[in-house]
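Engineer: here are the coordinates; sequence isn't available:
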């Protein structure tokens, strides 16, 4: 049963004997004496003063059908530490049946909020039941009906609906589970969840406007929220929904509503880790006295110590540019205690270091090429606006390491098949042929990379194109489950349209010797329910930040054409 309405309460006072008990008494009679009420207390009028309750915890006792609340003296050690969940006191049974009321945060022994979940939250994240910490969760009956209606099919939404149903079944089938008093959310091993789960088991009397259609599922959920808000006042009842219109409608009716925030890695995309850090103008003045430097091959290493070290991450790029002083472009290779080691970069702006005929044109592209060609970096993420060179650099570095260095056996390219507009329907042919329309970016960049000298003739160009295409395989994401890539160079294009779960599925396909490159533009998300903060690309950038075998760079300047650059700024 759902939370019962709060019963009528009568104030009570403690007998003098309760205060005469020793503060540190540990015997059972002493504990019982501290919670004992006098007959005069039970017969006190309803408007009796309750100043003592503001200074002490509350015990709830039932006598002749009336619930009485009064302060209870406790040991100092018990007052400082939070009470253990599941601990039984003489009033525990009656307290569990009564609704947990909102009290002062420092004094409350129960959850302060009651969250009513919309169906789309469960279908978005099946583990959402365990993401609300100590708060309680309430599921209207219409939510269970909608879950049942969406469980059929092979889509991700259908899988999430089935997983949510299995989770609810596991909670209901846990030992000593009692729906009447709420199902403990930590019964299945999720200790981070301290609240309870309640189901709607009876009709609720709502006061919604008559103009709202009563048969619509959204309006039924709003009616449940309205009834619970009035029934359990002053406890805060909040609707959680991924539907923007649902939240707007709830706020128009005076109901508290919020988005499901747990799936968002970042609140604002501007705070995403960029992978590069500009050193302050006084860097050498503050760090130059203690710097150590040494040469190893073509690279120079600097060991620095100073105020900039705590803000650095492994494989983060740093640069120093100041008029009249030599520039520094380096990558953080080691952070130990209060010191960091910087390693200078290889300059791919110079024609002698061209990669498959491609030279970098700006600072960020040079940073990205250093990551793409480093065999110690297994996972690279590239973000940036259209025309910043993400796909071209990834393909050029991949062809060099596959055909020239023989570091990888082949290039595997895939992308999220999300349309910008209306879908064009089923596509004929094999898996690779079906992916053909989605791989226009691959064809455009291969046309640039396959250029040879005019003296090679038509046969030379045809042979080069055939060689390149023989080492590039186009795969669909739909068939990635269970695969393992050995010594492959995997490119995931348009990764901003992936969910965190899809991103995890793709990255975990990597076997020994495999490098994965994820690219995307977070300003061009076409998946309906993803934002910059909840995209799988943002998720990967944030989670891999600082791992010694991964790197990220945000490409800042477009190099496609002056028309494309201007359009990116003004449109």
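Structural biologist: Sure, I can see it. Since we're looking at a predicted model, the values are computed, not measured.
Engineer: May I see the buried residues of the lengthiest strand in the chain?
Structural biologist: Longest strand of the chain, by residue count under DSSP state E: strand 328-336. Buried residues in strand 328-336, defined by neighbour count with 16 or more other Cβ atoms under 10 Å: 328, 329, 330, 331, 332, 333, 335. Just so you know, the C-beta spots here come from the backbone N, C-alpha and C atoms, and that holds for glycine as well.
Engineer: give me the beta-bridge partners of the last one?
Structural biologist: In this structure, residue 335 has beta-bridge partners residue 340, where bridges are defined by DSSP bridges.
Engineer: Let me see the contact set for residue 150.
Structural biologist: If a contact means Cβ atoms under 8 Å, 6 or more residues apart in numbering, then residue 150 has 119, 123, 157, 158, 161 as its contacts.
Engineer: how about a cut-off of 6 Å?
Structural biologist: With contacts defined as Cβ atoms under 6 Å, 6 or more residues apart in numbering, the neighbours of residue 150 are residue 161.
Engineer: any idea of the pLDDT on it?
Structural biologist: Per-residue confidence at residue 150 stands at 89 (pLDDT).
Engineer: So what does it look like in phi/psi?
Structural biologist: The phi and psi torsions at residue 150 (degrees, to the nearest 10) take the values phi -110, psi 10.
Engineer: any weak-confidence spans in the chain?
Structural biologist: Low-confidence regions of the chain, defined here as pLDDT under 70, cover residues 1-111, 265, 267-269, 417-440, 452-461.
Engineer: top helix in it by residue count?
Structural biologist: When secondary structure is assigned using DSSP state H, the longest helix within the chain turns out to be helix 156-172.
Engineer: Which residues does that helix contact?
Structural biologist: 122, 123, 126, 147, 150, 151, 183, 187, 188, 197.
Engineer: Among these, the buried ones, what's the ChimeraX command?
Structural biologist: Here is the ChimeraX selection string for the buried members of these, based on 16+ other Cβ under 10 Å:
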select :122,123,126,147,150,151,183,187,197
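Engineer: nearest to residue 286, of the contacts of helix 156-172?
Structural biologist: residue 126 (50.2 Å; Cβ to Cβ).
Engineer: Mind checking which of the contacts of helix 156-172 land in strands?
Structural biologist: With strands identified by DSSP E, the entries of the contacts of helix 156-172 that belong to them are 183, 197.
Engineer: Which ones among the contacts of helix 156-172 map onto helices?
Structural biologist: Counting by DSSP H, the members of the contacts of helix 156-172 that fall within helices are 122, 123, 147.
Engineer: ok, so of the residues you listed, who is nearest residue 231?
Structural biologist: Compare each of the ones in helices among the contacts of helix 156-172 with residue 231 using Cβ to Cβ and the shortest gap goes to residue 122, at 23.3 Å.
Engineer: Now the closest one: closest residue in space, sequence neighbours ignored.
Structural biologist: When the adjacent residues along the chain are set aside, residue 122 lies closest to residue 164, with 4.3 Å between them (Cβ to Cβ, 6 or more residues apart in numbering).
Engineer: what's the answer for residue 319, then?
Structural biologist: residue 329 (4.9 Å).
Engineer: how close does the one you found sit to residue 290?
Structural biologist: Going from residue 329 to residue 290 by Cβ to Cβ, to the nearest Å gives 21 Å.
Engineer: Residue 198 touches residue 181, doesn't it?
Structural biologist: No - in this structure residue 198 lies outside contact range of residue 181 using Cβ atoms under 6 Å: 9.0 Å.
Engineer: higher neighbour count, these two?
Structural biologist: Set side by side, residue 198 and residue 181 show more neighbours around residue 198, with 21 against 16, by other Cβ atoms under 10 Å.
Engineer: Any idea what that one is bridged to?
Structural biologist: Each beta-bridge partner of residue 198 is listed here, defined by DSSP bridges: residue 138.
Engineer: The helix or strand encompassing residue 343: what's the following helix or strand?
Structural biologist: Element membership of residue 343, judged by DSSP states H and E, is strand 339-344. Towards the C-terminus, the helix or strand next in line after strand 339-344, according to DSSP H and E, is helix 363-372.
Engineer: which secondary structure elements does that next one contact?
Structural biologist: Using 3 or more Cβ pairs under 6 Å, 6 or more residues apart in numbering; DSSP states H and E, the elements in contact with helix 363-372 are strand 379-384, helix 390-399, strand 550-555.
Engineer: what do you get if the cut-off is 10 Å, keeping everything else the same?
Structural biologist: Helix 363-372 is packed against strand 276-278, strand 317-320, strand 328-336, strand 379-384, helix 390-399, strand 515-520, strand 550-555, with contacts defined by 3 or more Cβ pairs under 10 Å, 6 or more residues apart in numbering; DSSP states H and E.
Engineer: Out of those, the one nearest residue 249 is which?
Structural biologist: Distances from residue 249 to each of the helices and strands packed on helix 363-372 were compared using Cβ to Cβ; the shortest belongs to strand 515-520, at 33.2 Å.
Engineer: and the direction of that closest one versus that of helix 363-372, what angle?
Structural biologist: On the basis of axes from the mean of the first three to the mean of the last three Cα atoms, to 10 degrees, strand 515-520 is oriented at 150 degrees to helix 363-372.
Engineer: Pull up the pairing partners for strand 515-520, direction included.
Structural biologist: Sheet neighbours of strand 515-520, with direction, are listed as strand 379-384 (parallel), strand 488-493 (parallel) (DSSP bridges).
Engineer: contacting residues around the residue nearest to residue 319?
Structural biologist: The contact partners of residue 329, taken as Cβ atoms under 10 Å, 6 or more residues apart in numbering, are 276, 317-321, 342, 344-347, 363, 366-367, 370.
Engineer: Buried only: go through these for me.
Structural biologist: With neighbours counted using 16+ other Cβ under 10 Å, the contacts of residue 329 contain these buried positions: 276, 317, 318, 319, 320, 342, 344, 345, 363, 366, 367, 370.
Engineer: quick one: residue 401 from residue 266, how far?
Structural biologist: On the measure of Cβ to Cβ, residue 401 and residue 266 end up 32 Å apart.
Engineer: swap in residue 486?
Structural biologist: If you go by Cβ to Cβ, the gap between residue 486 and residue 266 works out to 34 Å.
Engineer: Out of these two, name the residue with the larger neighbour count.
Structural biologist: Set side by side, residue 486 and residue 266 give different neighbour counts by other Cβ under 10 Å, the larger being at residue 266 (18 against 11).
Engineer: can I assume that one is in contact with residue 541?
Structural biologist: Yes - judged on Cβ atoms under 10 Å, residue 266 makes contact with residue 541 at a distance of 9.3 Å.
Engineer: Torsion angles phi and psi at residue 136?
Structural biologist: phi -90, psi 160.
Engineer: wait, it sits on residue 117?
Structural biologist: No - taking contact to mean Cβ under 10 Å, the distance of 11.0 Å between residue 136 and residue 117 leaves them out of contact.
Engineer: where do the contact lists of those two overlap?
Structural biologist: Common neighbours of residue 136 and residue 117 (Cβ under 10 Å, 6+ apart) are residue 197.
Engineer: show me where the stretch 401-550 of the chain has helices.
Structural biologist: 431-434, 440-449, 457-470, 500-507, 536-543 (DSSP state H, counting those that start in this stretch).
Engineer: between the ones you listed, which one is nearest to residue 130?
Structural biologist: Comparing these by their distance to residue 130 (Cβ to Cβ), the top pick is helix 500-507, with 16.1 Å.
Engineer: and the angle for the closest one with strand 488-493?
Structural biologist: Relative orientation of helix 500-507 versus strand 488-493 (the same axes, to 10 degrees): 150 degrees.
Engineer: Show me which positions of helix 500-507 end up buried.
Structural biologist: The neighbour-count check on helix 500-507 (16+ other Cβ under 10 Å) flags 500, 502, 503, 505, 506, 507 as buried.
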